[in-house]
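Novice: all I have is the shape, not the residue letters:
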């Protein structure tokens, strides 16, 4: 899973990226210090893996991961090539979802590219560049479809959807705000529009407001806007995340408690991205290895098996599965779980659930 971290220059974007990936992207108080997208791979925290590893005395524990891309700061006119516009837009095209860092703190020592802190204006600037870029894509597609329509009348449906998308974009609204039926949604998804990508607004607050971030007036504005387009909002403090990233695991919990918060910004971002992209994790467990696998909610057993190896999907016979909680109740003892009838044998139509511990049987 790839998430692109974007934002106007000097909103705390690279500081956040450094903190959550420890990748050391340069964080300087001037625009465009990030030119190529720095990439950091982060393990997804999952307490279930620790428990299963201890239970099976596993030699290896493998977490599922998220790739964070720190994408160059953006200015107005990016869709016309201003600043690093074309590179910026190209890099966004490669990610599954966007984490848009929005500055929600006042600090006279950190310059703002527009001279003042205004999160809604910042959001509009970036969204508008994505919309303008999409309008060019849709316009070209409309022209091509109209040309081909003369020889193939079945393309009228596609043309109607394209016009509907263009009308939305011309109103200054992102493609993700459109109301669509399943057929329209599938077609719009195939267009790979930038303004259709799911988005998480990371409201970056000061250290003093990390525990009471929801009361911050800037954050309230961001949340109200996010509701209009069905996006997520996570309140973070990039500076605090930087401090957390330097601590050992046992120190982190104490530090978070002192700040009056339950989880780090990274944990909140990961939860939000899973929710936004409708992802779940299933588990495989044994002495050689305990591992988490990320799949789309609703994935059927053969598709889930294919995440491990394509042969598992091709030669799928059945999935022997037990819910994580039930396995723990049995102390990890599969014989006990079998006696209690807790291990189920599922076929090709079974939709894998979050926390399923699965053993796949296959034959190639």
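Specialist: Now that the structure is in, tell me what you want to look at. Here the structure is a predicted model, which is why all the values come from computation and not from measurement.
Novice: element containing the spatially most central residue of the chain?
Specialist: By Cα atoms, centre = their mean, the chain has its centre lying nearest to residue 273, at 3.6 Å. Per DSSP states H and E, residue 273 falls inside helix 265-277.
Novice: before we move on, the earlier item: quick check: the residue nearest to the centre of the chain vs residue 151, distance?
Specialist: 43 Å (Cβ to Cβ, to the nearest Å). From N, CA and C alone the C-beta is placed, and that goes for glycine too.
Novice: same question for residue 55.
Specialist: Separation of residue 55 from residue 151 (Cβ to Cβ): 64 Å.
Novice: now swap in residue 169 and tell me
Specialist: 28 Å.
Novice: these two: who's more crowded?
Specialist: Using other Cβ atoms under 10 Å as the criterion, residue 169 and residue 151 rank with residue 169 on top: 23 against 7.
Novice: my read: that one touches residue 194, true?
Specialist: No. Assessed by Cβ atoms under 8 Å, residue 169 is found out of contact with residue 194, at 10.7 Å.
Novice: any residues in contact with both of these two?
Specialist: residue 134 (Cβ atoms under 8 Å, 6 or more residues apart in numbering).
Novice: mind giving me the domain split of this protein?
Specialist: As recorded under automatic domain parsing, the domains making up the chain are 2-276, 298-362.
Novice: the ones you listed into JSON lines, with extra columns for distance to residue 284 and mean pLDDT?
Specialist: Below are these laid out as JSON lines (distance: least, Cβ to Cβ, whole Å; pLDDT from 0 to 100):
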{"stretch": "domain 2-276", "distance to residue 284": "9", "mean pLDDT": "83"}
{"stretch": "domain 298-362", "distance to residue 284": "6", "mean pLDDT": "94"}
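Novice: out of these, the one nearest residue 290 is which?
Specialist: Among the domains of the chain, domain 2-276 comes nearest to residue 290, with 4.4 Å by Cβ to Cβ.
Novice: check which residues of the longest helix that the chain contains are buried.
Specialist: Longest helix in the chain, counting residues (DSSP state H): helix 119-149. Neighbour counts over helix 119-149 (16 or more other Cβ atoms under 10 Å) mark 119, 122-123, 125-135, 138, 141-142, 145 as buried.
Novice: relative to the whole chain's centre, how far out is it?
Specialist: Relative to the chain's own centre, helix 119-149 is displaced by 22 Å; criterion: Cα atoms, centre = their mean, to the nearest Å.
Novice: ok, and what's touching the helix or strand following it?
Specialist: The first helix or strand that comes after helix 119-149 along the chain, using DSSP H and E, is helix 156-170. By Cβ under 8 Å, 6+ apart, the surrounding residues in contact with helix 156-170 are 131, 134-135, 138-139, 141-142, 145-146, 149, 174-175, 177-178, 183-184, 187-188, 191, 193, 195.
Novice: next, the buried residues of helix 156-170.
Specialist: Quick answer for helix 156-170 (16+ other Cβ under 10 Å): 158, 161, 162, 165, 166, 168, 169.
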